[in-house]
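Participant: Sequence below, structure please.
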Amino acid sequence: MRFVLFPVLLALLIVPAAVHATTVRYLDLEGLVRSSSMVFHATVLEVTQKNLGTPEKLRLVTDVSFQVHRVLQGTNPGPRFDLRLGGGTANGHTLAIPGQPCFKEGEEVVLFLEFTGQELVVNGMSQGVFRIQRDPAGLPTAHRDTTGLSVLGREGGNGPLEPGKPEQPLPLDDLFRRIHDLQAR
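Facilitator: Predicted structure coming up:
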């Protein structure tokens, strides 16, 4: 009996625990600007989750509609922009993709989108979303975190960053200015 339990215990130690993160390469602001086809400041108007497949073969998606306030890079999409994300909840089923950004109606964001050759997607997963919050004085600040991501450092950089660790907030006007300055290079 003792010899049977030992291989089972050894196998449990060797099998890694479930990982709830997606590994991506870290994109600093310059990397985001350089690799994004479109960047805009917007408010989330609507979030709709649905199944585009069948009850037997699910295809869960989340559609997000944005009211565009300011286009910082790329072609102006007009006053409204619609984005489809993989995953969501519908008919009692959920598909959660670690690192995929989630949006809430009324939320203000700066969004970095990358063209894949077929569609626009959030650049670097949740790295491409700066959420706007108001500081105690009411000034807008941009916050980005890597929740759900295992983020690898830049090539030749300091190695992996701590997953889910928020970066320092940046005043919204400073974010706009830095994006503009990076485009001018």
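Participant: where exactly do the strands run in the chain?
Facilitator: With DSSP state E, the ranges of strands along the chain come out as 22-25, 38-51, 60-73, 80-86, 88-90, 93-95, 108-115, 120-122, 129-134, 140-143, 149-152, 170-171.
Participant: Tell me which other helices or strands the third one touches.
Facilitator: So that's strand 60-73. strand 38-51, strand 80-86, strand 88-90, strand 93-95, strand 108-115, helix 172-184 (3 or more C-beta pairs under 8 Å, 6 or more residues apart in numbering; DSSP states H and E). No exception for glycine: its C-beta is placed from N, CA and C like everyone else's.
Participant: ranking the strands of the chain by burial, who's on top?
Facilitator: Highest mean neighbour count of these: strand 108-115, a mean of 21 (counted as mean count of other C-beta atoms under 10 Å).
Participant: Quick check, pLDDT for Ile14.
Facilitator: pLDDT for Ile14: 40.
Participant: mind showing which ranges of the protein have poor pLDDT?
Facilitator: Along the chain, segments meeting pLDDT under 70 span 1-21, 154-166.
Participant: redo that, cut-off 50
Facilitator: Within the chain, the stretches with pLDDT under 50 are 1-18, 156-160.
Participant: Nearest residue to the residue nearest the centre of it in space, please, no chain neighbours.
Facilitator: In the chain, the centroid-proximal residue (C-alpha atoms, centre = their mean) is Ser126; its distance is 1.5 Å. Computed as C-beta to C-beta, 6 or more residues apart in numbering, the closest residue to Ser126 that is not its neighbour in sequence is Pro101, at 4.4 Å.
Participant: burial measure for the closest residue to Leu182 other than its chain neighbours, as a count.
Facilitator: With C-beta to C-beta, 6+ apart as the criterion, Leu182 has its nearest non-adjacent residue at 4.4 Å, and that residue is Val33. By other C-beta atoms under 10 Å, the residues close to Val33 number 21.
Participant: rewinding a little: out of the strands of the chain, which gets nearest to Ala184?
Facilitator: Of all the strands of the chain, strand 60-73 sits nearest to Ala184, with 11.7 Å by C-beta to C-beta.
Participant: what lines up beside the closest one in the sheet?
Facilitator: strand 38-51 (antiparallel), strand 80-86 (antiparallel) (DSSP bridges).
Participant: and Ala142, which of those strands is closest to it?
Facilitator: Closest to Ala142 of the strands paired with strand 60-73, according to C-beta to C-beta: strand 38-51, at 9.4 Å.
Participant: Distance to Arg134 added to the helices and strands packed on strand 60-73, as JSON lines?
Facilitator: Below are the helices and strands packed on strand 60-73 laid out as JSON lines (distance: least, C-beta to C-beta, whole Å):
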{"stretch": "strand 38-51", "distance to Arg134": "14"}
{"stretch": "strand 80-86", "distance to Arg134": "23"}
{"stretch": "strand 88-90", "distance to Arg134": "29"}
{"stretch": "strand 93-95", "distance to Arg134": "31"}
{"stretch": "strand 108-115", "distance to Arg134": "9"}
{"stretch": "helix 172-184", "distance to Arg134": "10"}
